[in-house]
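Please work out how this folds:
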Amino acid sequence: MHNKITCIEYDAFMDEFVPEPVPQPSSSSSSSSLSSSATPTNASTNYNLRSRSRSRCVSGPTSPPSQPPTTNPLKSVPLPKTEVDMYDTIISALNKADLCPGYQFASTPHKGDPSEDTKQAVDCGLYPSSAIPRLGITEDGGFGRTDWSSVEIAIECKMHATDHDPFDERMVNEEPNAETRRSVLGQILSYMELIFRRQQRTFQFMLLFIGGYARIVRVDRSGLFATKKFNYRAEGNKLAVFLWRYSRLTAALRGHDPTAVRLEPDSPEAQRMRNRVKTVAPDDYVAQAFKNLLDEEWAWWKLEVPDETDPTKSRFFLVAKPHFQAPGVVGRATRGHIALEATPGAGDDFVYLKDAWRVVVDTIQKEGVILEKLREKKVRYVPTLVCHGDIPGQKTVSQAVWPKYHPGQTCKLKKHQHYRLVVEEVGKPLDQFKNSYELIVALWCCVMAHSQAYEEGIIHRDISAGNLLLYKGEDGWLGLLNDWELSKELQQQTEEERQPDRTGTWQFMSARALNKHTKTIVIQDELESFFHVLLYVAIRLLPHNCDESQVPQLLYDYFDDYIPHPTGHLCGTRKHTVMCTGVVSLAPYNVDPKNVGGREQVLRFLFPESEATSDSAEPTSSAASSSTEPAPKSKQFPAHPLNSIVDELLCWFSAFYVLQREHVPLVPAAQKKAPVDGKATWTKIKEWAVTEAKSQYNDPSTTKLPGTTAQISQEVLKERAAMLSSHAALLRLLGAALDDGTWPDADRCADRKPKKGWRPKQLDQVPKGETIQQSKKRGSEVLDDQSSSSPSKRSRV
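Residues are numbered from 1 along each chain as shown. Okay, here's the model as predicted:
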């Protein structure tokens, strides 16, 4: 949320974000396409809690005021002595004022939503009256539990007006420096994230009560605006007018997406979803995944997708719990769903629906447009477009309002447009490979896709572990290069148009791109990102010689670490050192000063113990007997083919980095293009890779570790670095390795990456609710939790 917070006067806030409601001809006309489970019911159906000793959800008069309130409903509320006092007095007073017909306020400070792993609970909230029974509020006035899927406005209460204020109006960017205040900011952002996560929202509001003061907060995918704090006992009419207006707006103006219809559990659409997976074949991974997502605790939806190939119509898709959801509050907020088409006449084939808030920039085309171009050019191993389109009228407004309150300053907020995309293929994460051979096949396919797109003038710019998928094709499991959202045409890449922001996923960006925020992404950066993906997955899931207890530290040092800098974080020392030296040294991790165990200090991948061979026993003389006895058989392991791939690539990268440091111009090597054949199978294409590889790698000297770069002639360095000037050398290298018959059958092992991630204890933790900005970054723990998060990205335009 860095540089994305603005505090303004109450009147300005209301003028910008909370319009006066337009009279509606009937009560039903103000409803969106959301069902009654998400929309307030008539006051006559309210859950009556009048008899409680604590009126936390008391219904008000049956005839709510039709004009904006002029009185202060919080005038008589005493200053709180504890937060519990605030839950009682403030919530009771707001309910009695009956400002919001069809809604009720409830206190839920201690019980989290049981369907959420986080178990977080917001202090209070405004809920549709129909949702009150689900909160479990007892008749004796006990607190209820938070329900993230139905809360309309979250309300947080804090005791101290300054120490617990998440915004600091004295600071230029209005972000607090004090740790306690920063913690509160992270807390409220995490609540907003949960509401975005569980509902179909375009924006949302939140109320903060801090001591005797209050703030109203609004956030969309571009930025956050808050009112300057005001004394709610003296100026409580400000809250009253806000709530009166808010509750009378249409669902769309309250931040609900009218193109998303919440399905009732007994609806024909919901029943069709269940019926589709009543019987699932053991090898049908897509149907099994869809079945696992039919979580009754989550809302199910029918989503509308405009079809830009035919602007006169839209298509509809049924989805349940997201298969993938990016973390954070601002940004692209990508969600992925395995879906069934609900359009009349559609079949029962599963598709993949991507819901995102794309960055609107002239030089970045919609992902669907890029996929259609790739299809026309017969680029292999990329998703097949079904339909796509912008959701009409759903754009962020924070970036448009921001300049008005920051005259003369450059706006760092981006314009986001709600966008949906549907493709035919439903892949699975790269880290679900069966063995290292399958991993390299998938990598080869994705490099091939990148190569063919590059030849057609399109560069991906976001190679990451989350964007390389496994997909079941005719020849078994192949790779699929996904997420072309940040791709650009090469002719559009100019240094002058660049903003000082990075493109890609931190953990897999090249060291050079991390060290120069405005750097144009070129082919060498993309090939380096492929290498980082390979290394990341292999260190986690394949046998190697690094001390297992030290793997979390190695993963952090290489992929997550950074160097603080006034211009923003720079590449961590470990990744940069590996790129420059060409060696993944294990000296800091295999602590054995005398090397008694004989353990190598360079990363080596190993065959699993179960696939070891044994030498025949050799006779040995015994000092105690004249007889000859056989010695125990020793285990022998062939060299893992992955080592030759890693060593060769590091030779190329280290040469490239040395020459870049010395500003030596490079001449691209003459390299043959891979064949483009839309009908060719993996087996046929691999024949080309193997044939080309035999002539390329017949010189043993090309596969030696680089050693000290000072000992290598500049001509050799140029030859090695030139291998990165196109995709052909990498494709040949991978093809040659795949032709090797010594790949292990089952070398995948248990994941060494801690499920909850790992960070050095001395470093400050980034609150989970915060989006990574220029001064913050997420750990790689978010890369693999497919149920709730995804790679963190920096959209540079």
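
what sits against the nearest residue to Glu526 once chain neighbours are set aside?
Nearest in space to Glu526, with sequence neighbours left out and distances taken as Cβ to Cβ, 6 or more residues apart in numbering, is Ile463 at 5.6 Å. For glycine as for every other residue, the C-beta is placed from the backbone atoms N, C-alpha and C. If you count contacts by Cβ atoms under 8 Å, 6 or more residues apart in numbering, Ile463 has them with 450, 504, 508, 526, 529-530, 533.

What about these, which are in strands?
Using DSSP state E, the members of the contacts of Ile463 that fall in strands are Gly504.

Out of the contacts of Ile463, which sit inside helices?
Among the contacts of Ile463, the residues falling in helices (DSSP state H) are 450, 526, 529-530, 533.

just the strands in the stretch 201-350 of the chain please.
203-210, 213-220, 224-227, 230-231, 260-262, 301-306, 314-319, 324-325, 335-341, 350-359 (DSSP state E, counting those that start in this stretch).

Can you name the residues that contact the closest residue to Gln432 other than its chain neighbours?
Once its chain neighbours are removed from consideration, Gln432 has its nearest residue in Leu470; the separation is 6.2 Å (Cβ to Cβ, 6+ apart). Remark: with contacts taken as Cβ under 8 Å, 6+ apart, Leu470 is in contact with 427-430, 432-433, 438, 442, 477-480.

Over to Tyr405?
Contacts of Tyr405 (Cβ under 8 Å, 6+ apart): 6, 8, 12.

where in this protein is pLDDT low?
Scanning the chain for pLDDT under 70 picks out 23-65, 141, 494-502, 592-600, 612-637, 662-711, 762-797.

If you count neighbours, what's buried in stretch 261-276?
Within stretch 261-276, the residues that count as buried by 16 or more other Cβ atoms under 10 Å are 261-263, 267, 269-270, 273, 276.

next one: stretch 391-404
Within stretch 391-404, the residues that qualify as buried are 391, 394-399, 401-402, counting by 16+ other Cβ under 10 Å.

between the residues you listed, which is closest to Lys516?
Nearest to Lys516, judged by Cβ to Cβ, of the buried residues of stretch 391-404 is Gln399 at 25.3 Å.

how close does the closest residue to that closest one other than its chain neighbours get to Ala736?
For Gln399, ignoring the flanking residues on the chain, the nearest one in space by Cβ to Cβ, 6+ apart is Leu413 at 3.8 Å. The gap separating Leu413 from Ala736 is 49 Å, by Cβ to Cβ, to the nearest Å.

Now distance to Val583 too, for the strands of the stretch 201-350 of the chain, in CSV please.
What follows is the strands of the stretch 201-350 of the chain, written out as CSV (distance: least, Cβ to Cβ, whole Å):
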stretch, distance to Val583
strand 203-210, 50
strand 213-220, 46
strand 224-227, 45
strand 230-231, 61
strand 260-262, 51
strand 301-306, 49
strand 314-319, 47
strand 324-325, 35
strand 335-341, 37
strand 350-359, 38
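
What's the separation between Arg604 and Ile90?
According to Cβ to Cβ, Arg604 stands 63 Å off from Ile90.

ok, the two, which is more surrounded?
Applying other Cβ atoms under 10 Å to Arg604 and Ile90 shows that Ile90 carries more neighbours, namely 27 against 19.

What are the buried residues along stretch 353-364?
Using 16+ other Cβ under 10 Å as the burial criterion, the residues of stretch 353-364 that qualify are 353-361, 364.

With stretch 735-755 instead?
If you call a residue buried by 16+ other Cβ under 10 Å, then stretch 735-755 has these buried ones: 735-739, 743-744, 747-748, 752-753.

what's the closest non-adjacent residue to Trp300?
With Cβ to Cβ, 6+ apart as the measure, Leu263 is the residue that lies nearest to Trp300, at 4.4 Å, once sequence neighbours are left out.

oh sorry, the question was meant for Arg335
Nearest residue to Arg335 in three dimensions, chain neighbours excluded: Asp355, at 4.4 Å (Cβ to Cβ, 6+ apart).

Show me what the one you found bridges to in the sheet.
Beta bridges link Asp355 to Arg335, Arg420 when assigned by DSSP bridges.

residue contacts, it?
With contact taken as Cβ under 8 Å, 6+ apart, Asp355 is in contact with 303, 334-337, 418-420.

returning to that earlier point: so which of the contacts of Leu470 are in helices?
Counted as lying in helices by DSSP H, out of the contacts of Leu470, are 438, 442.

which two in the contacts of Leu470 are spaced the farthest apart?
Distances among the contacts of Leu470 were taken as Cβ to Cβ; the most separated pair is Pro429 and Leu478, at 14.3 Å.

what about the two, which has more around it?
Higher neighbour count among Pro429 and Leu478: Leu478, with 23 against 16, using other Cβ under 10 Å.

Can you give me the distance of the residue lying closest to that one once chain neighbours are set aside to Leu481?
Ranked by Cβ to Cβ, 6+ apart and with sequence neighbours excluded, the top spatial neighbour of Leu478 is Cys445, at 4.9 Å. Distance of Cys445 to Leu481, computed by Cβ to Cβ: 8 Å.
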